[in-house]
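> Here is a sequence with its predicted model. Questions after.
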Amino acid sequence: MKIFICGLTGTGKSTVAKAVAEAMGYEYMSSSAMLRDFAGKGGANQDHTWWSLKGGKEFLEERLKSDVDTKFDKYLLDIMDEKDNFVVDSWTMPWLYKDQALRIYLKAPFSVRASRVM
């Protein structure tokens, strides 16, 4: 089974995805870490706060001027096609992946999301 956990920043995507993966004995994949690896910016050694630091902000600027997101989406879709029994946290994969999968959208009030990322 392929499981996609999505939602806005601070909704608990990674926390829920890790818990579901552990409970089911599935592989957990972080799309943010995979994007950083794909772009040569380091992956697993960075946490979610990296995006608000200098390197993360510079990378976001680079992404606006390039096609790295389009290439990464294709790369990630290829991985999703090849694998099974995984949980991935992602903003976009639930909409881009067209085959069967369980898609879970998380919501949280703004005040809760803000407190989680501050």
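Arrived safely, thanks for sending. Remember, it's a predicted structure, so these values are computed and weren't measured experimentally.
> Need the mean per-residue confidence for stretch 75-95.
Per-residue pLDDT over stretch 75-95 has a mean of 92.
> How far off centre is it?
9 Å (C-alpha atoms, centre = their mean, to the nearest Å).
> Mind listing residues that contact it?
Residues from elsewhere that reach stretch 75-95 (C-beta atoms under 8 Å, 6 or more residues apart in numbering): 1-6, 13-14, 16-18, 20-21, 24-32, 34, 38, 73, 96-97, 99, 101, 103, 105. (Each C-beta comes from the backbone N, C-alpha and C, glycine too.)
> CA atoms only for it - export them in PDB, please.
Only the C-alpha atoms of stretch 75-95 are listed here, as PDB (Å, rounded to 0.1, in the frame of the first residue of the first chain):
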ATOM      1  CA  TYR A  75      12.000  11.700  -9.900                       C
ATOM      2  CA  LEU A  76       9.600  11.200  -7.000                       C
ATOM      3  CA  LEU A  77       6.800   9.800  -9.200                       C
ATOM      4  CA  ASP A  78       9.200   7.200 -10.600                       C
ATOM      5  CA  ILE A  79      10.100   6.200  -7.100                       C
ATOM      6  CA  MET A  80       6.500   5.900  -6.100                       C
ATOM      7  CA  ASP A  81       5.800   3.700  -9.100                       C
ATOM      8  CA  GLU A  82       8.700   1.300  -8.200                       C
ATOM      9  CA  LYS A  83       8.000   1.000  -4.500                       C
ATOM     10  CA  ASP A  84       5.200  -0.300  -2.300                       C
ATOM     11  CA  ASN A  85       4.400  -0.400   1.400                       C
ATOM     12  CA  PHE A  86       5.600   3.100   2.200                       C
ATOM     13  CA  VAL A  87       4.400   6.300   3.800                       C
ATOM     14  CA  VAL A  88       5.500   9.700   2.400                       C
ATOM     15  CA  ASP A  89       4.900  13.200   3.700                       C
ATOM     16  CA  SER A  90       4.500  15.500   0.800                       C
ATOM     17  CA  TRP A  91       2.600  18.700  -0.200                       C
ATOM     18  CA  THR A  92       2.100  17.600  -3.800                       C
ATOM     19  CA  MET A  93       2.400  13.800  -4.300                       C
ATOM     20  CA  PRO A  94      -1.200  13.100  -3.300                       C
ATOM     21  CA  TRP A  95      -2.300  15.200  -6.300                       C
END
